[in-house]
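> my questions concern the predicted model and sequence given below.
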Amino acid sequence: MQEVDVRKVIFLSGIFLAFAVLILACVPALRSASSQAIPGTRTTEQQQEMEDRMQKAANKKRQDEIKEDTQKLYQLASELKDAVDKSNENMLSLDVVRKAEEVEKLAKKVKEKMREGTGKPLHTEPPPVNIPRTPGNF
């Protein structure tokens, strides 16, 4: 039977959870990626195409930044794991604490970028609901 290092299991579970949260945080931004006209204004087809291209370019840039920051996050988390593995139960170096703070700060930055999105929401109000009327029911 193999021995399992509890610290490694907890650390790896935390990393997995952080990535899962980051991925799930991206879902609302993806939903808001489609465009919608501003009420009360009319745009020409050419203007709409230009806005769509600009929006796609902004989304591409944001996605590239998220990928880059996520790679940095992975590198920092790996360095943190190595530092924790080198420490013992009686001593935790200041470097480990600093690395953990860096991981936390970068994870928050990535999460904010995923939430901000650059698209416009699909619908601003719910669709109308048809209620069947029966005779005698006004």
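Great, that's in hand. Small disclaimer: the values here were computed from a predicted structure and weren't measured.

> report the buried residues of stretch 51-64.
55, 59, 62 (16 or more other CB atoms under 10 Å). Placement of C-beta: from N, CA and C, glycine included.

> nearest to residue 14, of those residues?
residue 62 (25.6 Å; CB to CB).

> in what helix or strand does that closest one lie?
Secondary structure from DSSP states H and E places residue 62 in helix 45-86.

> closest to residue 7 out of the buried residues of stretch 51-64?
Nearest to residue 7 among the buried residues of stretch 51-64, with distances taken as CB to CB, is residue 62, at 35.0 Å.

> which helices and strands sit right next to the strand or helix carrying residue 101?
Per DSSP H and E, residue 101 falls inside helix 94-116. For helix 94-116, the packing partners by 3 or more CB pairs under 8 Å, 6 or more residues apart in numbering; DSSP states H and E come out as helix 6-31, helix 45-86.

> worst mean pLDDT among those?
With a mean of 69, helix 6-31 has the lowest mean pLDDT of the helices and strands packed on helix 94-116.

> closest to residue 15 out of the buried residues of stretch 51-64?
residue 62 (23.1 Å).

> correct me, but the closest one touches residue 110?
No. Assessed by CB atoms under 8 Å, residue 62 is found out of contact with residue 110, at 10.8 Å.

> can you tell me the element residue 135 falls in?
Using DSSP H and E, residue 135 sits in no helix or strand.

> pull the number of nearby residues for it.
5 (other CB atoms under 10 Å).

> with that, I have no additional questions.
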